[in-house]
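**Student:** show me the folded form of this:
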Amino acid sequence: MSGPAGATPHASSQAAVLDVIRAAGTISRVGLVRTTGFTGATISTVVRRLIDDGLVVETGRAESTGGKRRVLLQLNQDSRYAVGVHLDDAGFTYVLTNLGGSVVTRMTRAGFGAQEPAVVVARMAQEVKALVDGADIDRTRLLGLGLVAPGPLNQATGMQVLPPAMRRWEDFPLEGELAAATGLPVVLDNDATAAALGEHWSGGVEAAATLAAVYMGTGIGAGLLINGIPYRGPSGNAGEIGHICLDAAGPECWCGARGCTEVLAGPRTVVAAARRDPDLMRAVGLSPTPERARRVADFAAVTRAALGGEPRARALLERSARYLAVATRTLANVMDLQQVVLTGPSLAIAGSIYLPVVREELDRSFFSRATHTVAVRLSRSAATAPAIGAAAMVLQSELVPLREGLRLPDNLADAEPTARDPEPEAR
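**Tutor:** Below you'll find the predicted structure:
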């Protein structure tokens with residue numbers, strides 16, 4: 001279960017209660033009293049409002065603990081929807097999720113190539129409409145659209161200091177233009193941060209104080225959650241482990257530094273190394289010259305060869321995994337991480353090779369390993385994680401807004417009371 005941790009601040013009592021119900025899966029009114037610290041009268045009022053709004057439903061009764069069986073509550077999953085879009089030069093991923101973050105429908109489309117941003121926005125609006133129309137949902141229940149892309153991002157003006165393939169997007173007011181084209185509220189964020197939030201919202205991770213989603217698509221990054229809240233930093237670009245320096249004398253990265261994780265371990269580097277070996281290039285089936293549109297496919301081809309027993313391909317991926325593992329350990333040491341989720345389209349393909357390497361590095365060298373371990377696992381939705389997280393951003397911002405203020409207890413395990421505790425509302 002993924003739940004609100006000790007310092008989760010919500011903008012209202014309704015936001016706090018809805019978040020607890022989301023995190024718990026099912027919970028009684030008495031459980032809500034114990035978890036939130038609100039009075040029984042407050043819980044009764046808030047729950048009734050949530051039921052009237054269609055966000056929460058009653059779903060049977062808990063087993064008896066010697067007293068009256070308590071009525072259980074859960075999210076009404078189909079009461080609200082959100083669209084998530086992952087924009088990357090290698091391709092687009094679109095998802096429509098329900099209130100609980102489960103994917104109702106999805107689609108992928110080719111990347112934008114040399115198209116100008118305004119043309120791409122018009123195309124995205126058409127594809128979002130096709131996604132929603134195809135799902136046959138009540139559009140009045142659609143809360144908005146979350147859009148995520150590789151960083152760095154500027155929350156005020158759009159995308160800046162981008163990888164070479166996306167330089168034409170610098171300073172383009174993407175959020176406003178897409179909102180105008182779709183008629184939907186738009187939330188913009190970093191793809192790795194969105195991937196972390198998606199894991200949390202959909203219940204993909206256990207409750208933890210500090211979690212990182214280590215992301216590898218065409219580049220490398222990480223999204224950070226502290227007490228279930230994304231930590232973005234002042235500019236929204238916290239967690240850029242793709243640009244941690246692992247070799248001060250290493251090759252130059254597109255960001256201007258040398259020896260970054262991304263230039264040493266990224267998919268592009270893996271494929272370029274395979275191309276430098278003519279025999280391996282032929283064995284894998286790579287074209288002699290790189291093609292932007294084939295980046296993901298080329299990395300997948302190297303991975304298939306490695307998994308099929310090609311030792312040179314395996315060596316390239318394991319070298320990449322070791323660099324990624326060291327960068328992840330650095331992040332774990334700085335943030336005192338409790339959990340790491342490996343995610344993103346490239347790790348959806350090659351995660352079985354990367355997972356044991358990252359896990360071994362943290363087991364062996366994490367600084368605080370004598371105090372606690374770092375749990376490492378692969379995302380169950382690695383290929384579409386950024387888009388799912390983009391939709392989760394909308395759901396959270398619209399239904400569970402956060403602010404400094406209210407604080408919730410550390411876990412939901414003690415939420416259900418003994419039979420002696422009174423019900424806040426007679427049922």
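**Student:** give me the low-pLDDT residue ranges for this protein?
**Tutor:** Within the chain, the segments meeting pLDDT under 70 span 1-8, 64-67, 113, 151-167, 203-208, 292-293, 402-427.
**Student:** domain parsing for it?
**Tutor:** For the chain, automatic domain parsing gives the domain ranges 79-193+385-399, 205-379.
**Student:** out of these, which gets nearest to Thr26?
**Tutor:** Proximity to Thr26 (CB to CB) singles out domain 79-193+385-399 among these, at 12.0 Å. Using the backbone N, CA and C atoms, a C-beta is placed for each residue, glycine as well.
**Student:** how much space between the closest residue to Pro401 other than its chain neighbours and Leu399?
**Tutor:** What sits nearest to Pro401 in space, not counting adjacent residues and going by CB to CB, 6 or more residues apart in numbering, is Ala11, at 4.1 Å. Distance, Ala11 to Leu399, using CB to CB, to the nearest Å: 10 Å.
**Student:** which helix is the longest one in this structure?
**Tutor:** Ranked by residue count under DSSP state H, the longest helix found in the chain is helix 311-335.
**Student:** which parts of it are buried?
**Tutor:** Across helix 311-335, burial judged by 16 or more other CB atoms under 10 Å covers 312-314, 316-317, 319-332, 335.
**Student:** ok, now stretch 249-264?
**Tutor:** Residues Gly250, Cys253, Trp254, Cys255, Arg258, Gly259, Cys260, Thr261, Glu262, Val263, Leu264 are the ones in stretch 249-264 that count as buried (16+ other CB under 10 Å).
**Student:** and if you look at stretch 340-357?
**Tutor:** Neighbour counts using 16+ other CB under 10 Å place 340-351, 353-355, 357 of stretch 340-357 among the buried residues.
**Student:** mind listing which of these are in strands?
**Tutor:** Val340, Val341, Leu342, Thr343 (DSSP state E).
**Student:** what's the most distant pair in the residues you listed?
**Tutor:** Farthest-apart pair in these is Val340 and Thr343; separation 9.8 Å (CB to CB).
**Student:** residues shared between the contacts of those two?
**Tutor:** Ala213, Val214 (CB atoms under 8 Å, 6 or more residues apart in numbering).
**Student:** can you name the helix or strand that Gly144 falls in?
**Tutor:** Assessed by DSSP states H and E, Gly144 sits inside strand 142-149.
**Student:** that strand pairs with which strands, parallel or anti?
**Tutor:** strand 81-88 (parallel), strand 186-190 (parallel) (DSSP bridges).
**Student:** what comes up buried for it?
**Tutor:** Buried, per 16+ other CB under 10 Å, within strand 142-149: Leu142, Leu143, Gly144, Leu145, Gly146, Leu147, Val148, Ala149.
**Student:** quick check: of the buried residues of stretch 249-264, which lies closest to Ala41?
**Tutor:** When those are ranked by distance to Ala41 (CB to CB), Thr261 comes first, at 52.8 Å.
**Student:** quick check: that closest one vs Gln115, distance?
**Tutor:** Remark: distance between Thr261 and Gln115 (CB to CB) = 30 Å.
**Student:** show the contacting residues for the residue lying closest to Arg359 once chain neighbours are set aside.
**Tutor:** Once flanking residues are discounted, Arg359 sits nearest to Val376: 4.5 Å by CB to CB, 6+ apart. Val376 is in contact with Gln339, Val340, Val341, Leu342, Leu355, Val358, Arg359, Leu362, counting by CB under 8 Å, 6+ apart.
**Student:** just to be sure, Val376 is in a strand?
**Tutor:** Yes: checked against DSSP: H, G, I helix; E, B strand; the rest coil, Val376 lies within a strand.
**Student:** need the residue closest to the centroid of the chain.
**Tutor:** Ala195 (1.3 Å; CA atoms, centre = their mean).
**Student:** before we move on, back to that, any chance of the strands paired with strand 142-149 in JSON lines, plus mean neighbour count and distance to Val214?
**Tutor:** Output for the strands paired with strand 142-149, formatted as JSON lines (neighbours: other CB atoms under 10 Å; distance: least, CB to CB, whole Å):
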{"stretch": "strand 81-88", "mean neighbour count": "27", "distance to Val214": "17"}
{"stretch": "strand 186-190", "mean neighbour count": "25", "distance to Val214": "13"}
